[in-house]
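Engineer: Quick one: sequence plus predicted model below, questions after.
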Amino acid sequence: MLARLGAGVCEVRIPADLAGLDGLVIPGGESTTITLGVEREGLAGPLRDLIGRGLPVLGSCAGLIMLDRDHLGLMDMRAERNAFGRQINSFEADLDLRAVEGGPIRAIFIRAPWIAEYGPDVEILVKIEGHPVAARQGAMLAVAFHAELGEDDRVHRLFLDAVAAWRESPLPG
Ligand code: GLN
């Protein structure tokens with residue numbers, strides 16, 4: 001999705017991979033597995049440092065969970081894992097996100113979390129039946145669905161807007 005939008009992409013597996021990035025995607029998958037990898041490679045400190053200094057991030061599904069208080073502790077929110085139920089309860093929904101123009105996005109939820117609690121710095125972009133499933137805090141954007149699946153690239157465009165802003169004026173240090 002990002003390559004199609006003209007961004008250069010590479011995988012981040014170890015702290016050295018973070019050098020020179022203008023943005024980071026924490027993808028879907030399993031937050032337990034991602035946490036193990038983060039611990040094994042000593043990525044938590046470098047991630048907190050970079051993202052804390054304003055590096056734009058897009059977290060999808062397990063990526064949203066990784067950004068919450070109980071994981072990397074970067075967004076002031078608590079994600080409820082598998083909140084919609086098990087694999088069989090995966091679903092699609094048309095969502096109108098604040099900050100995304102042009103009508104609803106067809107969003108794909110796969111054993112998705114929702115945001116169970118959040119603080120005042122977290123801007124909720126959309127809810128399903130009262131449960132927030134997309135949010136923003138500074139340059140961090142978290143969605144409970146898989147924005148990379150399907151054809152709609154507007155969430156990734158929103159992320160790349162933050163990347164462009166960061167490239168123009170990265171904070172010192
Ligand atoms: N259920 C997974 C978790 O708890 C997230 C699923 C996903 O990323 N599609 O980490």
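Structural biologist: Great, that's in hand. Keep in mind that this is a model prediction, so the values were computed, not measured. Numbers count the residues shown, from 1 in each chain.
Engineer: going forward, measure contacts and count neighbours with C-alpha atoms only.
Structural biologist: Fine.
Engineer: Can you name every helix or strand that the host helix or strand of Glu117 contacts?
Structural biologist: Taking DSSP states H and E as the criterion, Glu117 maps to strand 114-118. Judged by 3 or more C-alpha pairs under 8 Å, 6 or more residues apart in numbering; DSSP states H and E, the packing partners of strand 114-118 are strand 77-80, strand 131-137.
Engineer: what's the average pLDDT for the longest one?
Structural biologist: What that stands for is strand 131-137. Averaged over strand 131-137, pLDDT sits at 98.
Engineer: Give me the buried stretch members for the strand holding Glu117, please.
Structural biologist: Using 16 or more other C-alpha atoms under 10 Å as the test for burial, strand 114-118 gives 114-115, 118.
Engineer: Where does the prediction get shaky in this protein?
Structural biologist: Within the chain, the stretches with pLDDT under 70 are 170-173.
Engineer: all helices for it, in order.
Structural biologist: 31-41, 44-52, 62-67, 154-168 (DSSP state H).
Engineer: From the chain's centroid, how far away is the second one?
Structural biologist: From the chain centre to the centre of helix 44-52 is a distance of 15 Å (C-alpha atoms, centre = their mean, to the nearest Å).
Engineer: returning to what we had before: of the helices and strands packed on strand 114-118, which is nearest Pro46?
Structural biologist: Smallest distance to Pro46 across the helices and strands packed on strand 114-118 (C-alpha to C-alpha): 19.1 Å, for strand 131-137.
Engineer: Around the ligand, pick out the residues from the chain.
Structural biologist: 28-31, 61-62, 81-82, 110-112 (C-alpha under 6 Å from any ligand atom).
Engineer: I'd like these laid out as a markdown table, including neighbour count and distance to Glu168.
Structural biologist: Formatted as a markdown table, those follow (neighbours: other C-alpha atoms under 10 Å; distance: C-alpha to C-alpha, whole Å):
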| residue | neighbour count | distance to Glu168 |
| --- | --- | --- |
| Gly28 | 23 | 28 |
| Gly29 | 16 | 32 |
| Glu30 | 16 | 33 |
| Ser31 | 19 | 32 |
| Cys61 | 31 | 29 |
| Ala62 | 30 | 29 |
| Arg81 | 20 | 36 |
| Asn82 | 17 | 38 |
| Ile110 | 23 | 35 |
| Arg111 | 22 | 37 |
| Ala112 | 30 | 34 |
